[in-house]
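> pasting a predicted model and its sequence here:
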Amino acid sequence: MLDLRQLRYFVTVAEEEHVGRAADRLHISQSPLSRQIAQLEKNLGLTLFERSQQRLRLTSDGRVFLAEATALLRHADRLENLGRRLGRGDEGGLCVGYVSDAMHTGLLPRSLRTLNEGRPGIHVALYALTAAEQFEGLRQRSLDIALVPEEPPADDPDLIGELLLEDPLLLALPSGHPLADAAELLPGDLDGLPWVAVEDGQDLVWRDDFVAACAAAGFTPDIRFEAPDPLTALGLVASGLGTAFVQKSMVRGGATGVTVRELPWFPRSVRLWAVWHRVDLRPVVASFRATVLDAGAEGVDAREGVAAPAPGTGLPVRSGA
């Protein structure tokens with residue numbers, strides 16, 4: 001049986017690539033740490049490290065084992081947190097998984113504010129995880145609700161989900177750009193323009209998917225920058241470094257020097273789903289789920305009823321045709 005302590009030792013040594021530095025982090029001496037790593041390798045029948053006098057390097061098998069060990073330890077931490085809350089009778093505790101769009105759209109902050117106003121004593125633990133990690137967390141009951149960019153499989157025996165929102169992508173241009181005030185924008189107008197692409201750190205092929213979607217629409221972007229989030233992308237656009245696609249919910253705030261255009265021929269959206277286990281163990285989970293679903297409905301109503309202003313202009317988003 002795997003020893004979680006040995007796994008933590010292994011992960012620390014892998015991160016440091018040096019037994020001495022790892023021992024300092026773990027507040028133990030080097031000899032016991034080396035013995036624990038050797039014992040782990042012996043128990044597994046696996047060589048995890050290539051050893052030299054200067055440093056340790058993971059073997060190919062070691063890299064695979066590290067990824068799984070890290071995931072297991074993360075789950076163990078969440079499980080311990082759940083056990084502590086149950087042990088002290090903290091019925092109101094919640095573990096919420098999310099992706100960055102749940103924050104960017106304001107849906108998760110709105111939901112948490114409503115929760116805090118109604119039940120201020122509830123402890124909430126937030127975990128930024130991929131959709132697959134969140135689904136597994138729900139199945140293992142270490143997460144209570146997941147906010148993810150995709151729905152669970154239709155035949156999943158454990159999970160159920162509901163679409164919270166579809167946040168349309170709009171074209172953001174520097175305000176002085178020749179296309180900013182054009183009466184009509186066509187796909188060919190965007191072909192070869194300098195572009196700021198918004199990364200999707202949870203999708204390894206996000207860049208290929210993005211370029212393919214643009215090509216299908218009739219243009220090829222010249223990607224000059226890869227921004228880690230939409231706000232960064234808006235800042236780069238405002239500086240005149242390129243154009244970008246950003247969610248409609250992101251254009252309400254204050255980046256100056258940006259003009260936002262709708263493109264009816266590029267009907268792509270960022271989707272956000274709420275997913276939960278089919279069996280609710282605690283009333284507070286159902287209550288928070290209802291709060292999240294209400295926040296999603298309110299967000300959709302707000303976007304449909306009010307034209308969002310282009311940052312820095314106070315003007316409605318302009319139509320692309």
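Alright, I've got the coordinates. Predicted model only: the values in this text are computed from it and were never measured. Numbering: from 1, shown residues only.
> and the host helix or strand of R113, what's buried?
Element membership for R113 (DSSP states H and E) is helix 107-118. Buried positions in helix 107-118, judged by neighbour count with 16 or more other Cβ atoms under 10 Å: 107-108, 110-112, 114-115. Quick note: C-beta positions are derived from backbone N, CA and C, even for glycine.
> then stretch 41-60?
Across stretch 41-60, burial judged by 16+ other Cβ under 10 Å covers 41, 48-49, 56, 58.
> grab the CA positions of stretch 71-80 and hand them over as CSV.
What follows is stretch 71-80, C-alpha atoms only, in CSV (Å, rounded to 0.1, in the frame of the first residue of the first chain):
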residue,chain,number,x,y,z
ALA,A,71,-3.2,14.3,-8.3
LEU,A,72,-3.5,11.7,-5.5
LEU,A,73,-2.0,14.1,-2.9
ARG,A,74,-4.3,16.9,-4.0
HIS,A,75,-7.3,14.6,-3.6
ALA,A,76,-6.0,13.4,-0.2
ASP,A,77,-5.8,17.0,1.0
ARG,A,78,-9.4,17.7,-0.1
LEU,A,79,-10.6,14.5,1.5
GLU,A,80,-8.8,15.4,4.8
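> for L40, which non-adjacent residue is closest in space?
Distances taken as Cβ to Cβ, 6 or more residues apart in numbering place Q6 nearest to L40, at 4.6 Å, with adjacent residues excluded.
> I figured that neighbour hits R35, correct?
No: with contacts counted by Cβ atoms under 8 Å, Q6 stays clear of R35, the gap being 10.2 Å.
> follow-up on the earlier one: tabulate the buried residues of stretch 41-60 in a markdown table, adding columns for distance to E68, secondary structure and pLDDT.
Listed next are these as a markdown table, based on distance: Cβ to Cβ, whole Å; DSSP: H, G, I helix; E, B strand; the rest coil; pLDDT from 0 to 100:
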| residue | distance to E68 | secondary structure | pLDDT |
| --- | --- | --- | --- |
| E41 | 15 | helix | 92 |
| L48 | 12 | coil | 93 |
| F49 | 16 | strand | 93 |
| L56 | 19 | strand | 87 |
| L58 | 13 | strand | 93 |
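> quick one: pLDDT of A297?
On the pLDDT scale, A297 is placed at 78.
> try L164
At L164, pLDDT is 93.
> is it in a helix, a strand, or coil?
strand (DSSP: H, G, I helix; E, B strand; the rest coil).
> off-centre distance for the helix holding R113?
Centroid separation for helix 107-118 versus its chain: 19 Å, with Cα atoms, centre = their mean, to the nearest Å.
> again, but for stretch 63-77
19 Å.
> any residues touching that stretch, and which ones?
2, 4, 7-8, 10-11, 14, 44, 46, 48, 58, 133, 136-137, 140, 142 (Cβ atoms under 8 Å, 6 or more residues apart in numbering).
> buried subset of these as a ChimeraX selection?
In ChimeraX, a selection of the buried entries from those looks like this (16+ other Cβ under 10 Å):
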select :7,10,11,14,48,58,133,136,137,142
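> give me the subset of the contacts of stretch 63-77 lying in strands.
L58 (DSSP state E).
> helices of the stretch 51-200 of the chain, start to end?
Remark: helices assigned in the stretch 51-200 of the chain by DSSP state H, counting those that start in this stretch are 60-87, 100-104, 107-118, 131-139, 187-190.
> in JSON lines, list these along with mean pLDDT and distance to A295.
As requested, those are arranged in JSON lines below (pLDDT from 0 to 100; distance: least, Cβ to Cβ, whole Å):
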{"stretch": "helix 60-87", "mean pLDDT": "83", "distance to A295": "24"}
{"stretch": "helix 100-104", "mean pLDDT": "87", "distance to A295": "10"}
{"stretch": "helix 107-118", "mean pLDDT": "91", "distance to A295": "5"}
{"stretch": "helix 131-139", "mean pLDDT": "92", "distance to A295": "18"}
{"stretch": "helix 187-190", "mean pLDDT": "94", "distance to A295": "34"}
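> who's F245 bridged to?
Residues in a beta bridge with F245, per DSSP bridges, are L171.
> apart from its chain neighbours, what residue comes closest to L107?
Using Cβ to Cβ, 6+ apart, the nearest residue to L107 is A295, at 5.2 Å.
> which strand or helix spans the one you found?
helix 283-305.
> what's near enough to touch the nearest residue to L46 once chain neighbours are set aside?
In space, and not counting its chain neighbours, L46 is closest to D61: 5.7 Å by Cβ to Cβ, 6+ apart. By Cβ under 8 Å, 6+ apart, the contact list for D61 reads 46-48.
> what's the answer for G45, then?
Counting by Cβ under 8 Å, 6+ apart, G45 makes contact with nothing.
> my guess is S34 meets A22, correct?
No: counting by Cβ under 8 Å, A22 is not a contact partner of S34; they are 9.7 Å apart.
> of the two, who's got more company?
When S34 and A22 are compared for neighbours, A22 comes out ahead with 23 against 16, by other Cβ atoms under 10 Å.
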